[in-house]
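Peer 1: Can you look at this prediction? I've put the sequence above it.
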Amino acid sequence: MGKRKTKKFASMKRMISLKDQRINEKDRAKVQETKKKDPSEIKEKEVPKYPSCLFFQYNTQLGPPYHILVDTNFINFSIKAKLDIVQSMMDCLYAKCIPCITDCVMAEIKKLGMKYRVALRIAKDPRFERLPCTHKGTYADDCLVQRVTQHKCYILATVDRDLKRRIRKIPGVPTMYISNHRFNIERMPDDYGAPRF
């Protein structure tokens, strides 16, 4: 009995390299010439642009009346803590506050259904300013982060840990949160705002 030739598994035909002389000139891969770097040449570096409103970490655009972007869970937790949102904000910052609500946050509250109808009624309060959204989708966290990075004139009110972690990476944006049945502010310049307890 003779040996049977078996085909090798996953075998490939030999390929000619693109630099080979047998390939036409136009199809051949061009040989790259390595340039020697001149040490006296000026190096160009791209530095990220920082907004002109920031003086180091100090945000000069913040000032009364404060525009406060409100998140869904902030409204829900303030209802649980039996706090009037506008009044508690004023107690925290000792100044006039305008709570702002985006279309995404409004859509998120509507999606929660009948259980959160009180939150929806509070969100439709005429004291709340409505901010229209132009982007696709209704994911509120991304919307709020994007708005806060573009316009540094907002304070973000949220109880969500992940969102607070994302906001801390953006310089000059204070966050408002609920603790011990009252509103507190984080990363606010000492010149304005309530003292931290």
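Peer 2: That came through, no problem.

Peer 1: so what's Arg182 up against?
Peer 2: Leu83, Ser88, Asp91, Cys92 (CB atoms under 8 Å, 6 or more residues apart in numbering). Using the backbone N, CA and C atoms, a C-beta is placed for each residue, glycine as well.

Peer 1: what's the first-to-last distance across stretch 53-63?
Peer 2: In terms of CA to CA, to the nearest Å, the two terminal residues of stretch 53-63 are separated by 12 Å.

Peer 1: How about stretch 13-25?
Peer 2: 23 Å.

Peer 1: re earlier: okay, and which of the contacts of Arg182 map to helices?
Peer 2: Among the contacts of Arg182, the members found in helices (DSSP state H) are Ser88, Asp91, Cys92.

Peer 1: Pull up the gap between the second one and Gln57, please.
Peer 2: Distance of Asp91 to Gln57, given as CB to CB, to the nearest Å: 25 Å.

Peer 1: Look up phi and psi at Val66.
Peer 2: Not quite, residue 66 is Tyr, not Val. Here is the backbone geometry of Tyr66 (degrees, to the nearest 10): phi -80, psi 130.

Peer 1: Need the per-residue pLDDT for it.
Peer 2: Note for Tyr66: predicted pLDDT of 93.

Peer 1: Need phi/psi at the closest residue to it other than its chain neighbours.
Peer 2: Leaving out its chain neighbours, the residue that sits closest to Tyr66 by CB to CB, 6 or more residues apart in numbering is Cys97, at 4.8 Å. With angles defined as degrees, to the nearest 10, Cys97 sits at phi -120, psi 140.

Peer 1: Please identify, among the contacts of Arg182, the one with the most neighbours.
Peer 2: Of all the contacts of Arg182, the highest neighbour tally under other CB atoms under 10 Å goes to Cys92, namely 21 neighbours.

Peer 1: Just to check, that one is in contact with Phe183?
Peer 2: Yes - between Cys92 and Phe183 a contact is recorded at 4.1 Å, counting by CB atoms under 8 Å.

Peer 1: Identify the contacts common to the two.
Peer 2: Met176.

Peer 1: Which of the helices or strands spans the residue nearest to the spatial centre of the chain?
Peer 2: The geometric centre of the chain, computed from its C-alpha atoms, lies nearest to Val145 (CA atoms, centre = their mean), at 3.0 Å. Using DSSP states H and E, Val145 sits in helix 140-150.

Peer 1: what lines up beside the helix or strand just after that helix in the sheet?
Peer 2: Sequence order places strand 154-157 as the next helix or strand after helix 140-150, per DSSP H and E. Strand pairing for strand 154-157, determined by DSSP bridges: strand 66-70 (parallel), strand 175-179 (parallel).

Peer 1: And stretch 107-115, how far out from the chain middle?
Peer 2: 23 Å (CA atoms, centre = their mean, to the nearest Å).

Peer 1: So which bits of that stretch are buried?
Peer 2: Neighbour-count burial for stretch 107-115 flags Ala107, Glu108, Ile109 (criterion: 16 or more other CB atoms under 10 Å).
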